[in-house]
Each structure stands twice: as structure tokens, then as C-alpha cells.
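S.K.: please work out how this folds:
(one chain, ligands or ions: 2)
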Amino acid sequence: MTERAQLSQARRLVVKIGSALLTNDGRGLDVPALGLWVDQMAALVEQGVELVVVSSGSVAEGMSRLGWKKRPEQLHELQAAAAVGQMGLVQTWEAEFKRHGIHTAQILLTHDDLSDRKRYLNGRSTLRALLDFGVVPIVNENDTVVTDEIRFGDNDTLGALVANVVEADGLIILTDQLGLFDKDPRKNPDASLVTERFAGDRELDAMAGGSAGVLGRGGMQTKLRAARLAARSGAFTVVVGGRIEGVLTRLRQGEVLGTLLLPEQGRIAARKQWLASHLQTRGRLTLDDGAVKVLRLGGRSLLPVGVKAVTGQFRRGEMVSCVDQKGNEIARGLVNYSAGEAGAIAGRSSNSIADILGYISDEEMIHRDNMVIV
Ligand SMILES: Nc1ncnc2c1ncn2[C@@H]1O[C@H](COP(=O)(O)OP(=O)(O)O)[C@@H](O)[C@H]1O
Ligand SMILES: N[C@@H](CCC(=O)OP(=O)(O)O)C(=O)O
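M.R.: Ligands and ions are numbered 1, 2, ... in the order given. All right, here's what the predicted structure looks like:
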């Protein structure tokens, strides 16, 4: 598989859009541009892609609504502008997605929310539930309550943390340049576009500069940092020009646009490591000897037929522990069925899932890509 094919195959994506783009360099929300991105996103949703949007622009839109020409220095003024602008932001996202019959949801997060384990897990459950319902969450930083110390500071970082939380396959950062250049193209007209690198490549540090814009905060430095954060849970990052015609559709088709930043370890390995270290188990599946044997051999999914007993209360997508009949832990993984459903299909062949439950979401109890052997 070529690296760009990862975009064609992604099942869950986070799309982050910066202030300069969304507000047409501060001239108020660029509704036609936003509408065009939504058209492309709706087509992705139609193809079964789960999407989360991280939308900047509340401060810029607030400034525009309040008639302020200069970005205020004081935190409380920025927060006031953000509160005014956030109204316009969510109204516009909602109205544009509504044209396609897609619901949106507003999610405002602070750093605290994602560093506190309980809130992290609750946030994860809510986001997962929204995605299961086919809703597109629209995320921004909760600017009203943040203080200097706890600000993400830029939505690139927020986008990466959201990609970690939802275990996205990829993070797409739409910005006002065509991608990451070997030097800041605003200051160096001879700069050339970097098309593909490992996110951890140290050579990139010298290339990425800060923001020259009045609206954006992070510049390429925070986009690079975001790519490194996203890589921890196995997500690739694309930094790409949001004004390129049909940008999301063309990326989906595998076209080489923007800069692709890849996790070093490989997507699945990084993701598995992330899952094992960040999620607590919610229940237990006791396996028969045959299932223990195939899991230990590696590379196989766990089917319902190999499960003898189910304990605990868990929902689809939560982490469960797989143990042998003596209680020794064999593996951990994200389960495809809730505790009640898992109990009903335990010991049964995958062919009978539909008869037992009345529907089938997956043939596997735990897919091999979502499982870590311990
Ligand atoms: N190596 C680089 N390649 C591309 N852009 C760069 C680079 N270094 C610095 N920049 C600056 O980063 C800006 C984009 O970041 P930013 O203003 O924060 O936008 P956004 O609102 O999309 O987050 C570009 O307009 C550019 O001036
Ligand atoms: N929460 C702020 C985010 C500001 C921000 O990070 O902007 P950008 O660098 O353009 O993504 C807002 O909505 O204005």
C-alpha cells in the first residue's frame, strides 16, 4: 500500500480548520468556503467515514462581529470575543451540515478535560457515541473558562489530542499554505513543499516557523507538534491548503497534496501501544483453550465462538481483558459488542450473530488490529 492510500482507507478522521481560512483572513466567517468543505465532508460520511471537525475561528469571528480590528491582548477580552464568535461558528456548521441531513454537536474542551483520566474516558465515550449515531462533532477549545496555564494554546494541539481520544486513523489540518514548506513561504518565495516525512524527523524542526498571521496562533511549529502527538496513537497527519479546490475529496482519492507526516512505528503498532497504556479494562472475556492458542500465535482476531464467559459492564468500543480458564490474562482489546450482546453470542459461531441479536455489526468479538497480546 502506498502511504497516500491510507487516506483512501481511513475509517475515522479528524479535520482541523484554522482561523485564517475559516474567517477569510478575519473578514468574518467565510460561509461559502465552509459550505464547500461540508459538501466534501458529507460525501465522506456517506462513504462510512466517521468525522470529527476541530474548528477554530471563534475569536476571529467574535472580533469581526464586535467590530474589533486588532486582536485584543487581555485574556478576558479574547474570551469574550470567543464566546460571541462561537455562536456564529456552530450556527454555520449546523446549517451547512443540515443541508445534507447530517446532525452536528458542539464539544468544547479544555486541557484539564483530557489530562484527567475520568474526564478523558467520559469524553471518549461521548465522542464515540456521537460517531456511532452518525453525528459530526464540532470541537473547539472552551475559551471561556481556560486560563493561560491550561490553554491548549492552539487548535492544532487540540486536533491531535482529539485524534488520540477517538483513535482516529488520521488528522487533516487545513491551513492557508499548501502544506509544510522547507522554510516559511510567506517570507521565502523560493520555499519548496515537503510531501512526505516521518512526523518525528528532527530535520523538520528547523523548517517549521511560527505564525505570521494576525489570527492564527501556532504556525507550522504547532502543526508539527500536533503530527507528533497524533502519531502516538498511530494517526497520520496531513497539513494541506484548505483553499485547494476539492481538497478533501482529492486527498480521499489518494492524490498527492500537502504534507503527509507518518508515525514511525507503523499505524497499528503505535495504536495498539496507545490503547494498552491509556485505557482501563471494563470487563473480562474468558476464552476456551482453542482461542487462547490462536491468540498466542498472534495475528488473529477473537471470534465469539472462542468466548466461554463474559463478566463486567462494558459498551461497544471499550477495553476488555481476555483471560484463560485459570484467570491468566492473555490479551486486551476493544470489544465490538456490549456486555449483554457479548454474553448472548458467546460460544456461538459468527454466522448466528444476526439470528441471535437481530443484527450484526462485526464478525469478530475483538478485531486483531484492536488487540494487544500481553
Ligand atoms: N515551513 C513553513 N511552511 C509553511 N508555512 C509556514 C512555515 N513556517 C511558518 N509558516 C507559517 O505558518 C502559517 C500557518 O499557520 P497559522 O497562521 O497558525 O494558521 P492556521 O490558522 O491555519 O493554524 C503560514 O501562513 C506561514 O506563514
Ligand atoms: N479557540 C480559538 C483557537 C485559536 C487557534 O488555535 O487558531 P488557529 O491557530 O487558527 O487554529 C478560536 O476558536 O479562535
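
S.K.: now the end-to-end length of stretch 293-302.
M.R.: 11 Å (C-alpha to C-alpha, to the nearest Å).

S.K.: before we move on, what about stretch 304-318?
M.R.: 16 Å.

S.K.: centre of the chain to it, how far?
M.R.: Computed by C-alpha atoms, centre = their mean, to the nearest Å, the separation of stretch 304-318 from the middle of its chain amounts to 26 Å.

S.K.: ditto for stretch 182-199
M.R.: The answer for stretch 182-199 is 25 Å, by C-alpha atoms, centre = their mean.

S.K.: check which residues of that stretch are buried.
M.R.: By neighbour count with 16 or more other C-beta atoms under 10 Å, stretch 182-199 contains the buried residues 182, 184-185, 191, 193-194, 197-199. Placement of C-beta: from N, CA and C, glycine included.

S.K.: ok, so of those residues, who is nearest Q221?
M.R.: Q221 has its nearest neighbour among these in D184, at 10.4 Å by C-beta to C-beta.

S.K.: how about the closest one: what's its closest non-neighbour residue?
M.R.: In this structure, D184 finds its nearest non-sequential neighbour in G209, 4.0 Å apart by C-beta to C-beta, 6 or more residues apart in numbering.

S.K.: got phi/psi on that neighbour?
M.R.: Torsion angles at G209 (phi, psi; degrees, to the nearest 10) stand at phi -100, psi 180.

S.K.: which residues touch the most centrally placed residue in the chain?
M.R.: Central residue of the chain (C-alpha atoms, centre = their mean): A163, 2.7 Å from the mean position. Counting by C-beta atoms under 8 Å, 6 or more residues apart in numbering, A163 touches 14, 170-171, 229-230, 233, 235.

S.K.: adding pLDDT, secondary structure and distance to ligand 1, write the buried residues of stretch 182-199 out as JSON lines.
M.R.: As requested, these are arranged in JSON lines below (pLDDT from 0 to 100; DSSP: H, G, I helix; E, B strand; the rest coil; distance: C-beta to the nearest ligand atom, whole Å):
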{"residue": "D182", "pLDDT": "95", "secondary structure": "coil", "distance to ligand 1": "7"}
{"residue": "D184", "pLDDT": "91", "secondary structure": "coil", "distance to ligand 1": "4"}
{"residue": "P185", "pLDDT": "92", "secondary structure": "coil", "distance to ligand 1": "5"}
{"residue": "A191", "pLDDT": "95", "secondary structure": "coil", "distance to ligand 1": "7"}
{"residue": "L193", "pLDDT": "97", "secondary structure": "strand", "distance to ligand 1": "8"}
{"residue": "V194", "pLDDT": "97", "secondary structure": "coil", "distance to ligand 1": "8"}
{"residue": "R197", "pLDDT": "97", "secondary structure": "strand", "distance to ligand 1": "12"}
{"residue": "F198", "pLDDT": "97", "secondary structure": "strand", "distance to ligand 1": "17"}
{"residue": "A199", "pLDDT": "97", "secondary structure": "coil", "distance to ligand 1": "15"}
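
S.K.: can you pull out the helices in the stretch 251-374 of the chain?
M.R.: 267-278, 289-297, 339-345, 353-357 (DSSP state H, counting those that start in this stretch).

S.K.: from the contact counts, what lies against the last one?
M.R.: Judged by 3 or more C-beta pairs under 8 Å, 6 or more residues apart in numbering; DSSP states H and E, the packing partners of helix 353-357 are helix 339-345.

S.K.: list the contacts of the helix it packs on.
M.R.: The contact list for helix 339-345 (C-beta under 8 Å, 6+ apart) reads 283, 285, 304, 307, 310, 312-316, 335, 337, 352-353, 356-357, 365.

S.K.: 7 Å instead?
M.R.: Contact with helix 339-345 is made by 283, 285, 304, 307, 310, 312-314, 335, 337, 353, 356-357, 365, as judged by C-beta atoms under 7 Å, 6 or more residues apart in numbering.

S.K.: between those, which has the most around it?
M.R.: Ranked by neighbour count (other C-beta atoms under 10 Å), the contacts of helix 339-345 have V335 at the top, with 31 neighbours.

S.K.: what number of residues lie near the nearest residue to that residue once chain neighbours are set aside?
M.R.: Closest residue to V335 apart from its sequence neighbours, by C-beta to C-beta, 6+ apart: V320 at 4.7 Å. The number of residues packed near V320 is 27, by other C-beta under 10 Å.
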